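*Asks:* here you go, sequence then predicted model.
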Amino acid sequence: GQNIDQPTEMTATEGAIVQINCTYQTSGFNGLFWYQQHAGEAPTFLSYNVLDGLEEKGRFSSFLSRSKGYSYLLLKELQMKDSASYLCAVRDDKIIFGKGTRLHILP
Amino acid sequence: NAGVMQNPRHLVRRRGQEARLRCSPMKGHSHVYWYRQLPEEGLKFMVYLQKENIIDESGMPKERFSAEFPKEGPSILRIQQVVRGDSAAYFCASSPPEAGMNTGELFFGEGSRLTVL
């Protein structure tokens, strides 16, 4: 079977750092994605990991441990516009999404 | 380069009618995914298609739902005899053919929001 777990909701303060975790159990693995989705809008691509380690892209970083079936998305210097849902997705023979983590940013 | 185009953006149907949702992938993309999203929930996989070929339809309900991606024209998700539970946002995403061992990043359309009365 396939299962992707991430927290339902998180709250953080503007200017702070937040880490959103994702664990997965899939029959195969060919990469892990993070997407951002604002309410009522389409998801947009944030990051991709296929090898273990950290990928950094500006204020956002994503980490992968294939042996642990674990990834996290790290958001630094949080801004109000970062209030959104963050979707973890895994590709084996197709791309499957977790249920998403709604991130609330407090001023 | 135009993005993924979905239409209609909003569709209202009465129970028992048919809903037909269209998706034109980005230029050069030959793979299309359809996902369903209920309010404040994640994206639920429905079907993965290549031109003239269904690769994986394991997420499609066995009755009333069908999808195609013809050689010419957009991909179409068809829902027959709609029921209230079909009300949702339906997102289409496309990826390029060389995505097999590369990032395989999906590019999403803006979604089609179906309301069944």
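*Replies:* Thanks, I have the structure now.
*Asks:* quick one: residues contacting B:Gly24.
*Replies:* Quick fix: residue B:24 reads Ser, not Gly. Each residue near B:Ser24 by C-beta atoms under 8 Å, 6 or more residues apart in numbering or on different chains is listed here: B:4-6, B:74-75. For glycine as for every other residue, the C-beta is placed from the backbone atoms N, C-alpha and C.
*Asks:* of the residues you listed, which belong to strands?
*Replies:* B:5-6, B:75 (DSSP state E).
*Asks:* which helix or strand contains residue 33?
*Replies:* The chain I'm using is chain A. strand A:32-37 (DSSP states H and E).
*Asks:* hmm, no, I was thinking of chain B.
*Replies:* Element membership of B:Tyr33, judged by DSSP H and E, is strand B:31-37.
*Asks:* so what touches that strand?
*Replies:* Against strand B:31-37 from outside (C-beta under 8 Å, 6+ apart): A:94-95, A:97, B:23, B:25, B:43-50, B:55, B:67, B:69, B:75, B:77, B:88-97, B:99, B:106, B:111.
*Asks:* look up the closest residue to the residue in chain B that chain A sits nearest to, ignoring the ones flanking it.
*Replies:* Proximity of chain B to chain A (C-beta to the nearest C-beta) peaks at B:Gly42, 3.7 Å away. Counting by C-beta to C-beta, 6 or more residues apart in numbering or on different chains, A:Lys99 is the residue found nearest to B:Gly42 once chain neighbours are left out, at 3.7 Å.
*Asks:* and the residue in chain A that chain B sits nearest to, which of the three is it?
*Replies:* As assessed by C-beta to the nearest C-beta, chain B sits closest to A:Lys99 within chain A, at 3.7 Å. At A:Lys99 the chain is in coil, as set by DSSP: H, G, I helix; E, B strand; the rest coil.
*Asks:* and it, what is it in contact with?
*Replies:* Neighbours of A:Lys99 in contact, by C-beta under 8 Å, 6+ apart: A:4, A:6, A:8, B:41-42.
*Asks:* so it versus A:Ile20, what's the distance?
*Replies:* 12 Å (C-beta to C-beta, to the nearest Å).
*Asks:* now swap in B:Ser94 and tell me
*Replies:* For B:Ser94, the distance to A:Ile20 - C-beta to C-beta - is 26 Å.
*Asks:* can you count the residues close to residue 57?
*Replies:* No chain in the question, so chain A it is. Using other C-beta atoms under 10 Å in any protein chain shown, A:Lys57 is surrounded by 10 other residues.
*Asks:* not quite, go with chain B.
*Replies:* Neighbour tally, B:Glu57, other C-beta under 10 Å: 17.
*Asks:* done for today, thanks.
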